[in-house]
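Participant: Need a 3D model of the sequence below.
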Amino acid sequence: MKLIKILTLGLYLVACVNSALAAVTAKDFLLIKKKAEQGHAKSQCLLGLLYNSGDGVLKDPKVAVQWYRKAAEQGNAEGQCLLGVSYCTGDGVLKDLKVGIQWCKIAAEQGYADAQYLLGEFYSSATGVLKDPKVAVKWYRKAAEQGHADAQCKLAMSYQAGFGVMKDPKMMVRWYRKAAEQGHADAQCKLAMSYQAGFGVMKDPKMAARWYRKAAEQGHAKGQFMLGALYHQGEGVLPDPKLAFQWHRKAADQGHANAQYLLGVAYYGGRGVLKDPKAAKKWIQKAHENGSKEAKEFWDKTELWKY
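Facilitator: Numbers count the residues shown, from 1 in each chain. Next up is the predicted model:
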């Protein structure tokens, strides 16, 4: 669903601003409200976010939108973007993609990176506008150049796929690295894949393992699976069946089908863990349910239904 991206960004905006309001006291709320009522645009945004999240006050998305609008009408880019997201999601106001995109564009043209990234998403997915890869890349780039990690990752993906720009593996790696160095888990995993394959950068299994580990330690399922695979194969790290099993278990618990399959194989063969045909049956079934063709073949070959 196209609006998933918009909803995700809305939550992202709330999380970013509320990170400074992790423990809002009654006194804090009154001070923010007073400043907002005096016309302080930043406080109007913060007050809107408090009403939207129900932090320190009864949750009321409609009141939140009123405060976003006050900030937006003063020319505050954050307020404009928050108001735009509200219209796009229908949170506190009647959903209107056209109006929402207009407000996001006003904020983006002021240089507000979150709004620039969101415009990239709109044009990339044809949400409320005609699909236009070149325009999407234009807005991703503007946000990326301001250090917006999600935009940096999307710009790298554009260079990888030739979406709105000529394919360029070196530029792909450049932007994945920028996002990865900011802790963007998906970019860390994709950068690791580049090092593993020697795509856009010199092949370096140790660097691949390093970046997979960074992603894996953040709970990134594919990063966990790939790190487990490196320990299984001894690629960039010393072979270690137990560590391979541990990382595949983490990914499997998140529903990663290939990890579930390899976990079942490990239980069946006793690699990195004690043999346990019943556990093997459980994980092979899960993998099959999640679309693993190998799991079905392994099930038939080993006759796991007997256990």
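
Participant: helix/strand/coil for residue 218?
Facilitator: coil (DSSP: H, G, I helix; E, B strand; the rest coil).

Participant: wait, isn't it in contact with residue 187?
Facilitator: No: counting by Cβ atoms under 8 Å, residue 187 is not a contact partner of residue 218; they are 11.0 Å apart. Using the backbone N, CA and C atoms, a C-beta is placed for each residue, glycine as well.

Participant: The two: who's more crowded?
Facilitator: In this view residue 218 and residue 187 are compared by other Cβ atoms under 10 Å, and residue 187 has more residues nearby, 27 against 15.

Participant: Give me the below-cutoff pLDDT ranges for the chain.
Facilitator: Screening the chain residue by residue with the criterion pLDDT under 70, one finds the ranges 1-23.

Participant: what's near enough to touch residue 48?
Facilitator: Neighbour list for residue 48: 63-68, 71, 79, 82 [criterion: Cβ atoms under 8 Å, 6 or more residues apart in numbering].

Participant: between these, which has the most around it?
Facilitator: Neighbour counts for the contacts of residue 48 were taken using other Cβ under 10 Å; the highest belongs to residue 82, which has 33 neighbours.

Participant: That one: which element?
Facilitator: When elements are defined using DSSP states H and E, residue 82 is found to belong to helix 77-89.

Participant: Does that helix pack against any helices or strands, and if so which?
Facilitator: Applying 3 or more Cβ pairs under 8 Å, 6 or more residues apart in numbering; DSSP states H and E, we find helix 77-89 packed against helix 3-18, helix 41-53, helix 61-73, helix 97-109, helix 113-125.

Participant: Could you save the ones you listed as JSON lines and add columns showing distance to residue 259?
Facilitator: JSON lines is the format used below for these (distance: least, Cβ to Cβ, whole Å):
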{"stretch": "helix 3-18", "distance to residue 259": "24"}
{"stretch": "helix 41-53", "distance to residue 259": "34"}
{"stretch": "helix 61-73", "distance to residue 259": "39"}
{"stretch": "helix 97-109", "distance to residue 259": "37"}
{"stretch": "helix 113-125", "distance to residue 259": "29"}
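
Participant: and residue 291, which of the ones you listed is closest to it?
Facilitator: Judged by Cβ to Cβ, the one of the helices and strands packed on helix 77-89 that comes nearest to residue 291 is helix 3-18, at 20.4 Å.

Participant: about what we covered before: most widely separated two among the contacts of residue 48?
Facilitator: Using Cβ to Cβ for every pair in these, the one that comes out farthest apart is 63 and 79, at 14.1 Å.

Participant: any chance you could map the helices in the stretch 151-300 of the chain?
Facilitator: Using DSSP state H, counting those that start in this stretch, the helices of the stretch 151-300 of the chain run over residues 169-180, 185-197, 205-216, 221-233, 241-253, 257-269, 277-289, 293-302.

Participant: Can you dump the C-alpha atoms of the shortest one in PDB for me?
Facilitator: Spelled out, that is helix 293-302. What follows is helix 293-302 as a C-alpha-only set of coordinates in PDB (Å, rounded to 0.1, in the frame of the first residue of the first chain):
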ATOM      1  CA  LYS A 293      11.400 -23.800  -1.800                       C
ATOM      2  CA  GLU A 294      14.500 -25.400  -0.300                       C
ATOM      3  CA  ALA A 295      12.500 -26.200   2.800                       C
ATOM      4  CA  LYS A 296      10.000 -28.200   0.900                       C
ATOM      5  CA  GLU A 297      12.700 -30.200  -0.900                       C
ATOM      6  CA  PHE A 298      14.500 -30.800   2.400                       C
ATOM      7  CA  TRP A 299      11.200 -31.900   4.100                       C
ATOM      8  CA  ASP A 300      10.600 -34.500   1.400                       C
ATOM      9  CA  LYS A 301      14.200 -35.700   1.200                       C
ATOM     10  CA  THR A 302      14.500 -36.200   5.000                       C
END
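
Participant: So what angle separates the directions of it and helix 277-289?
Facilitator: Relative orientation of helix 293-302 and helix 277-289, computed by axes from the mean of the first three to the mean of the last three Cα atoms, to 10 degrees: 140 degrees.

Participant: same thing with the second one?
Facilitator: Taking the same axes, to 10 degrees, one finds helix 185-197 and helix 277-289 inclined to each other by 100 degrees.

Participant: swap in the third one?
Facilitator: Relative orientation of helix 205-216 and helix 277-289, computed by the same axes, to 10 degrees: 90 degrees.
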